[in-house]
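In: Quick one, what's the 3D model for this:
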Amino acid sequence: MEKKKWVKHIPLFIIEILVLAAAVGVLFVVLRTTGKNGVKKTVIDEEQITVNEEVKQKVTQEQESDEAGSYTGIYNVAFFGVDARDENLGKGNNRSDTIMICSIDMDNREVRLISIYRDTYMNAGNDTYRKCNVAYALGGPEQALSMINMNTDLYITDYVTVGFEGLIEAVDALGGVEIDVQESEINHLNNYQISMVGTTSDGKNFTAVEGVDYTPVTEAGLQTLNGLQATAYCRIRYVGDDFQRTERQRNVLIAMMEKAKKVSVGSLVETMNVVLPHVVTSVDIEDVIPMLGMVGDFKVTVSDGFPFAGSRNGGIIGTEGSCIVPTSLEDNVIKLHEILYQDEEYEPSEEIKTYSRIIEEDTRDYLLY
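Out: As a prediction, the model looks like this:
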């Protein structure tokens with residue numbers, strides 16, 4: 001549940017996430033060769049970010065006893081993907097289509113990616129209970145971070161938000177990514193491409209010119225997807241469910257990370273230049289420079305979703321509509337801490353126990369099974 005104990009020693013991988021896995025070392029090249037930094041860095045007031053009191057006290061005590069300059073430990077950063085075509089990446093109408101915890105284990109050079117399903121019924125970061133993706137629209141990254149912390153017993157104060165345009169351009173700059181497309185996904189993938197680049201007269205039916213506005217995917221199997229195709233793949237909702245959709249998002253991110261290790265410096269420079277204008281973050285970009293050379297050491301070892309299989313249900317919950325429901329928020333938090341910290345005896349905070357009871361009371365009459 002560490003806060004930012006190792007923030008000065010972790011940003012290397014954070015910036016990989018920041019540019020959707022374009023190798024972080026190129027930032028150094030860009031800064032040195034152009035003197036430019038297109039990242040929209042924000043300074044957020046940590047007092048506006050809610051952390052469960054027991055967690056806050058424990059982390060504060062641990063930080064006071066830690067030696068400065070340690071290159072060990074686990075650092076968590078939140079990653080949000082929003083459908084913001086006007087480049088407004090803050091609060092407003094932007095519900096977060098992607099909510100992900102990126103957990104970096106410096107001891108073992110491992111990265112664990114945990115998606116939070118956007119339709120999960122939980123505390124929205126303001127003691128109301130709704131679909132969790134509303135938090136970003138209501139209160140921007142501060143409330144979205146509060147939502148994550150309150151429902152997980154984590155202490156996260158850093159975030160990266162990327163608009164879909166940034167993902168498209170990042171994938172293209174990397175030369176595409178290798179994705180195993182299923183037959184059932186092809187039609188929806190192409191329809192999403194059309195909806196993102198097409199025009200409409202009624203707000204519903206989009207038209208686009210094949211081969212000009214977009215390149216259709218025509219067959220299943222492992223293949224190289226361009227930026228528009230990969231982004232459309234991430235957005236598919238009608239094959240499987242939200243669990244499969246978030247898995248597709250993580251698959252694209254992992255594929256980009258692997259591709260970034262293989263492309264030329266020139267391609268990485270291009271990636272950085274095109275993506276940075278579509279990113280907003282609380283991370284101090286300049287902290288990355290001392291950590292060059294570590295990028296190839298990290299690997300993704302966990303890719304999962306919260307709430308976890310076996311501890312989730314679903315139902316039509318009042319005006320919120322179709323929701324994913326943690327059958328026990330307590331049990332899910334215990335498993336999350338086991339995955340992130342190998343803590344098999346974690347005891348959830350009193351806040352988690354309270355939220356868990358409220359969720360159970362709100363949803364027990366609406367669950368599917």
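In: separation between residue 362 and residue 332?
Out: Counting by Cβ to Cβ, to the nearest Å, the gap between residue 362 and residue 332 amounts to 16 Å. The way it works is simple: take the backbone N, C-alpha and C, and place the C-beta from them, glycine included.
In: Among these two, which residue is more densely surrounded?
Out: A count of neighbours by other Cβ atoms under 10 Å puts residue 332 above the other of residue 362 and residue 332, at 24 against 16.
In: To which secondary structure element type does residue 319 belong?
Out: helix (DSSP: H, G, I helix; E, B strand; the rest coil).
In: Could you say which helix or strand holds residue 360?
Out: helix 350-363 (DSSP states H and E).
In: Now do the buried residues in that helix.
Out: 351, 352, 355, 356, 359, 360, 362, 363 (16 or more other Cβ atoms under 10 Å).
In: So which residues of the chain form helices?
Out: 11-18, 25-34, 53-65, 134-152, 164-173, 186-197, 227-235, 242-260, 265-275, 329-341, 350-363 (DSSP state H).
In: Could you dump those into CSV with mean pLDDT and distance to residue 219 added?
Out: As requested, the helices of the chain are arranged in CSV below (pLDDT from 0 to 100; distance: least, Cβ to Cβ, whole Å):
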stretch, mean pLDDT, distance to residue 219
helix 11-18, 40, 31
helix 25-34, 36, 33
helix 53-65, 84, 49
helix 134-152, 95, 36
helix 164-173, 80, 19
helix 186-197, 93, 8
helix 227-235, 91, 13
helix 242-260, 81, 18
helix 265-275, 66, 26
helix 329-341, 97, 36
helix 350-363, 98, 42
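In: right, so of those helices, which gets closest to residue 220?
Out: Across these, residue 220 has its closest neighbour in helix 186-197 (6.5 Å, Cβ to Cβ).
In: how about stretch 235-247: buried residues?
Out: By neighbour count with 16+ other Cβ under 10 Å, stretch 235-247 contains the buried residues 235, 236, 239, 242, 245, 246.
In: got the end-to-end distance for that stretch?
Out: 11 Å (Cα to Cα, to the nearest Å).
In: for stretch 314-331, same thing?
Out: 16 Å.
In: Which residues belonging to it are considered buried?
Out: Neighbour counts over stretch 314-331 (16+ other Cβ under 10 Å) mark 314-315, 317, 320, 323-331 as buried.
In: Give me the contact list for that stretch.
Out: For stretch 314-331, the external contacting residues (Cβ atoms under 8 Å, 6 or more residues apart in numbering) are 117, 119-122, 130-131, 151, 242, 307, 311-313, 332, 348, 352-353, 355-356, 359-360, 362-363, 366-368.
In: Could you rerun that using 7 Å?
Out: 117, 119-122, 130-131, 151, 242, 307, 311-313, 332, 348, 352-353, 355-356, 359, 362-363, 366-368 (Cβ atoms under 7 Å, 6 or more residues apart in numbering).
In: and if you look at stretch 357-369?
Out: Contact partners of stretch 357-369, identified using Cβ under 7 Å, 6+ apart, comprise 121, 122, 129, 313, 314, 315, 316, 317, 325, 326, 329.
In: neighbours around the third one, how many?
Out: Residues within reach of residue 129, counting by other Cβ under 10 Å, total 20.
In: how far away is it from residue 51?
Out: 19 Å.
In: same question, residue 184
Out: Separation of residue 184 from residue 51 (Cβ to Cβ) stands at 42 Å.
In: Now for the contacts of stretch 357-369: which two are most distant?
Out: 316 and 329 (19.6 Å).
In: returning to that earlier point: so which of residue 184 and residue 51 has more stuff around it?
Out: residue 51 (23 against 12).
In: Would you confirm that the more buried one contacts residue 148?
Out: No - the criterion here is Cβ atoms under 7 Å, and residue 51 misses it with residue 148 at 10.1 Å.
In: what is in contact with these two at once?
Out: Here residue 51 and residue 148 share no contacting residue, scored by Cβ under 7 Å, 6+ apart.
In: how many neighbours does residue 195 have?
Out: Residues near residue 195, counting by other Cβ under 10 Å, number 15.
In: The closest residue to residue 246 other than its chain neighbours pairs with what?
Out: Nearest residue to residue 246 in three dimensions, chain neighbours excluded: residue 115, at 3.8 Å (Cβ to Cβ, 6 or more residues apart in numbering). Using DSSP bridges, the bridge partners assigned to residue 115 are residue 100, residue 305.
In: residues contacting residue 115?
Out: Residues near residue 115 by Cβ under 7 Å, 6+ apart: 99, 100, 246, 249, 250, 305, 306.
In: make it 10 Å
Out: Neighbour list for residue 115: 79, 98-101, 242-243, 245-247, 249-250, 303-306 [criterion: Cβ atoms under 10 Å, 6 or more residues apart in numbering].
In: Relative to residue 221, which of the residues you listed is nearest.
Out: Nearest to residue 221 among those, with distances taken as Cβ to Cβ, is residue 247, at 17.8 Å.
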